[in-house]
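A.B. asks: This is the structure alone, sequence omitted:
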Ligand code: ADP
Ligand code: ZN
């Protein structure tokens, strides 16, 4: 008791010169933002007081600021440990462009350059330094770290320390020992976008966090509009070409499940005169690098890629992510779709899927090469898990309820579930989860960005294709009951095609030979063949039926099959309407976009001009366009149309450095535009 009181007292005195006021001043000066977002203030305050902290916040929530701001205001050099070596250059360029002295140390630098960076760091040149975890075992680096004053260590992508997560990095296990070997242990802040309970415990335990101030803001990304459409492969292509044409000037990613699909779709789109880049693990590494760079620099607006693409990019102005095939899990989908709209501007996540996608995923699970190090039993457990995840994904494609709520429920985001209505069928959950801790408990009021965290209304989010009512809901209760009855009668010995044939009263020779036309469920359903199959898939996704493993899957009863006999049981399925969704730009209304309200047609024209100017400046300086200004900043500029330095500083995302660097040029362009119209 006495010891801890004494410890915290001494820590406070060490950093007594840095307060929340300093933090707020730095936020305005270097980033051009007025207020902290929910969670940011809590974490920053804890760190400034010398406490450890743990932030679990979705992509785009602003995790970087939680360590960058303390790094700026505390004396000494803050270390940021990050696994994303390919990202460090861009992260540091963005810092420098904002006027913050940043540096990075990784294997992309020559040994000579590395010595120079460490030498300059010792002279106090930098405030923030990014390092890869492997670096922590390098004796030279450890000596260097022992000599300098380190007021903070940030661990980015902290879930990498856990073997429970997908991205485990053994080198993350060295972090704790490194920190404890320092002459004076600084506060540690760990940040991640995804952490189940197991992973969260691992982060605290394996990094050796001491009673961390914890902020969990949930998984919601209000600026993303989620849409699902069921289409055949042929339809998918023209839908995509149409979509790209409807979004000129916008940057987007199209994910395909195979390299072959990437090649084919790229070729087809190129044939339509669309400029696309492609990316998959089968390409030579130099080709991949060039491709990625063209996309980051907005030279190619559309990227067609497998899931190999995206981990190492930080492009904030990706306006849409289209899935050409259904991914294998909600986790994978949300991670990939979540690359849209990091700047908080309205963006769209469109999932196109077909029955073939489901079969392909099943095939990958059953026939997948797997991991040679696993025993048969372990491999089967892995497959069982994959099957469950796939069912949840299929459920997402079929659900008639709010798509956002489906995802949040899957991740156990209770804050949303509490608000959600009943009677929509269970959503399979990722992992058992405790309700989330309250958010931002100890923040000062008035520090938060307004509207940073709008919440879905009890009736749905109002910003997904289901909530926007772009489909009809069809009652298929009877079909569902007959299918379950049929599965019961045949005792789970047939696949989905045969079940559909039986209930539809097919006269197929094999069916008659087996005497299946004598079953009670025979010829009890009038629906089309494809509709019945879809109902069976949907029943499996909801756990009312289940589809077995193996190359020839058979349909059996699911754990919840008894519910189909219950009084009042209803089952609905959705049918897409042909009506076109409203343009995405309108998504901002209704509280989902930040800062772009009141956008007129004239503003749109100016936006295009400023976007072109941004591209020219970026090319001239060799930096990505989104580093110059985010889309959100450009939009705010179009609405405000600043005429002098003071007005320019009012623009969201403009700090003093950016004003000095780009203010004149942008104001001239705005003035020129206004004279012309
Ligand atoms: P994350 O690392 O959580 O994915 P980032 O740190 O990249 O998110 O931040 C996402 C975007 O939000 C960036 O463009 C960042 O500048 C912006 N941002 C962060 N904090 C604030 C804030 N307090 N006010 C306005 N914008 C912010
Ligand atoms: Zn919704």
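C.D. replies: Received it, and whenever you're ready, just let me know what you need. What you see is a predicted model; the values in this text were computed from it and never measured. Ligands and ions are numbered 1, 2, ... in the order given.
A.B. asks: So residue 549: helix, strand or coil?
C.D. replies: Following DSSP: H, G, I helix; E, B strand; the rest coil, residue 549 is assigned to coil.
A.B. asks: Give me the local confidence score for it.
C.D. replies: You'll see residue 549 listed with a pLDDT of 72.
A.B. asks: swap in residue 540?
C.D. replies: So, for residue 540, pLDDT stands at 85.
A.B. asks: buried residues in the host helix or strand of it?
C.D. replies: If you go by DSSP states H and E, residue 540 is part of helix 529-541. Within helix 529-541, the residues scored as buried using 16 or more other CB atoms under 10 Å are 531, 532, 533, 534, 535, 536, 537, 538, 539, 540, 541. Quick note: C-beta positions are derived from backbone N, CA and C, even for glycine.
A.B. asks: Contacts for that helix next, please.
C.D. replies: Helix 529-541 is touched from outside by 355, 358, 391-392, 394-395, 398, 428, 476, 479-480, 483-484, 496-497, 499-501, 503-504, 525, 527, 545-547, 555, 558, 571, 573, with contacts defined as CB atoms under 8 Å, 6 or more residues apart in numbering.
A.B. asks: Can you flag the buried ones in the residues you listed?
C.D. replies: By 16+ other CB under 10 Å, the contacts of helix 529-541 give 355, 358, 391-392, 394-395, 398, 428, 476, 479-480, 483-484, 496, 499-501, 503-504, 525, 527, 545-547, 555, 558, 571, 573 as buried.
A.B. asks: Mind checking which of the residues you listed are in strands?
C.D. replies: If you go by DSSP state E, those have 545, 546, 547, 555, 573 in strands.
A.B. asks: any idea which of those residues is closest to ligand 2?
C.D. replies: Among these, residue 573 lies closest to ligand 2 (CB to the ion), at 17.4 Å.
A.B. asks: so who does the closest one touch?
C.D. replies: For residue 573, the contact set (CB under 8 Å, 6+ apart) comprises 398, 400, 473, 474, 476, 531, 534, 535, 538.
A.B. asks: how about the helices of the stretch 51-200 of the chain, start to end?
C.D. replies: Secondary structure of the stretch 51-200 of the chain (DSSP state H, counting those that start in this stretch): helices located at 63-73, 85-97, 111-122, 139-147, 175-181, 197-207.
A.B. asks: Check which helix or strand the closest residue to residue 633 other than its chain neighbours maps to.
C.D. replies: With sequence-adjacent residues excluded and distances taken as CB to CB, 6 or more residues apart in numbering, residue 633 is closest to residue 653, at 3.6 Å. For residue 653, there is no enclosing helix or strand under DSSP H and E.
A.B. asks: Pull the contacting residues for residue 653.
C.D. replies: For residue 653, the contacting residues are 31, 32, 33, 629, 630, 632, 633, 636, by CB under 8 Å, 6+ apart.
A.B. asks: okay, it: pLDDT?
C.D. replies: At residue 653, pLDDT is 93.
A.B. asks: Can you tell me which of the buried ones among the contacts of helix 529-541 end up in helices?
C.D. replies: Among these, the members found in helices (DSSP state H) are 355, 358, 391-392, 394-395, 398, 479-480, 483-484, 496, 499-501, 503-504.
A.B. asks: burial of the spatially closest residue to residue 172 that is not a sequence neighbour, as a residue count?
C.D. replies: Excluding the flanking residues, the one nearest residue 172 by CB to CB, 6+ apart is residue 161, at 4.0 Å. Residue 161 has 29 neighbours, counted by other CB atoms under 10 Å.
A.B. asks: Tell me who's in contact with residue 161.
C.D. replies: 155, 168, 169, 172, 173, 175, 202, 203, 206, 207.
A.B. asks: Highest neighbour count among those residues?
C.D. replies: Within these, most neighbours by other CB under 10 Å means residue 155, with 28 neighbours.
A.B. asks: so it touches residue 190, yeah?
C.D. replies: Yes: using CB atoms under 8 Å, residue 155 is in contact with residue 190, at 4.4 Å.
A.B. asks: list the residues that contact both of those two?
C.D. replies: Contacts common to residue 155 and residue 190, judged by CB under 8 Å, 6+ apart, are residue 207.
A.B. asks: still on that earlier bit, now find how far off-centre the helix holding residue 540 is within its chain.
C.D. replies: The chain centroid and the centroid of helix 529-541 are separated by 29 Å under CA atoms, centre = their mean, to the nearest Å.
A.B. asks: How about stretch 497-509?
C.D. replies: 43 Å.
A.B. asks: same deal with stretch 281-290?
C.D. replies: That offset, for stretch 281-290, works out to 24 Å (CA atoms, centre = their mean).
A.B. asks: Not counting sequence-adjacent ones, nearest residue to residue 108?
C.D. replies: Nearest non-adjacent residue to residue 108 (CB to CB, 6+ apart): residue 85, at 6.6 Å.
A.B. asks: for residue 194, that is, sorry about that
C.D. replies: Leaving aside its chain neighbours, residue 194 sits nearest to residue 159 (5.8 Å; criterion: CB to CB, 6+ apart).
A.B. asks: Which pLDDT does the model give the one you found?
C.D. replies: Value listed for residue 159 in the pLDDT field: 90.
A.B. asks: next one: residue 604
C.D. replies: Reading off the model, residue 604 has pLDDT 88.
A.B. asks: One more: residue 286?
C.D. replies: Among the per-residue scores, residue 286 shows a pLDDT of 94.
A.B. asks: try the one 10 residues further on
C.D. replies: Per-residue confidence at residue 296 stands at 93 (pLDDT).
A.B. asks: The closest residue to ligand 1 within the chain: how many residues sit nearby?
C.D. replies: Proximity of the chain to ligand 1 (CB to the nearest ligand atom) peaks at residue 62, 2.9 Å away. By the measure other CB under 10 Å, the count of residues near residue 62 is 21.
A.B. asks: where's the nearest residue to it once chain neighbours are set aside relative to residue 95, distance?
C.D. replies: Closest residue in space to residue 62, ignoring its immediate chain neighbours: residue 37 at 5.3 Å, by CB to CB, 6+ apart. Going from residue 37 to residue 95 by CB to CB, to the nearest Å gives 19 Å.
A.B. asks: Look at the two and report which has more neighbours.
C.D. replies: residue 95 (24 against 21).
A.B. asks: Surely the more buried one touches residue 102?
C.D. replies: Yes: taking contacts as CB under 8 Å, residue 95 lies within contact range of residue 102: 3.5 Å.
A.B. asks: which residues do the two both contact?
C.D. replies: residue 128.
A.B. asks: re earlier: compute the inter-axis angle for the helix holding residue 540 and helix 496-504.
C.D. replies: The directions of helix 529-541 and helix 496-504 differ by 110 degrees, with axes from the mean of the first three to the mean of the last three CA atoms, to 10 degrees as the criterion.
A.B. asks: Report the contact partners of residue 28.
C.D. replies: Residue 28 sits next to 34, 655 when contact means CB under 8 Å, 6+ apart.
A.B. asks: on that earlier part again, restricting to the contacts of residue 653, which residues neighbour ligand 2?
C.D. replies: Here nothing survives when the contacts of residue 653 are matched to ligand 2 using CB under 5 Å from the ion.
A.B. asks: May I ask which of those has the most neighbours?
C.D. replies: residue 629 (30 neighbours).
A.B. asks: Grab the nearest non-local neighbour of residue 648.
C.D. replies: The spatially closest residue to residue 648, leaving aside those adjacent along the chain, is residue 642, at 4.2 Å (CB to CB, 6+ apart).
A.B. asks: And the one you found, which helix or strand is it part of?
C.D. replies: Residue 642 belongs to no helix or strand, assigned by DSSP H and E.
A.B. asks: now residue 613
C.D. replies: Taking DSSP H and E as the criterion, residue 613 maps to helix 601-621.
A.B. asks: Give me the next element, helix or strand, following that helix.
C.D. replies: helix 625-628.
A.B. asks: what about that next one and ligand 1, any contact?
C.D. replies: No: Helix 625-628 lies apart from ligand 1 when judged by CB under 6 Å from any ligand atom; the minimum separation is 8.2 Å.
A.B. asks: Could you look up the SS state of residue 472?
C.D. replies: Under three-state DSSP, the three-state class of residue 472 is strand.
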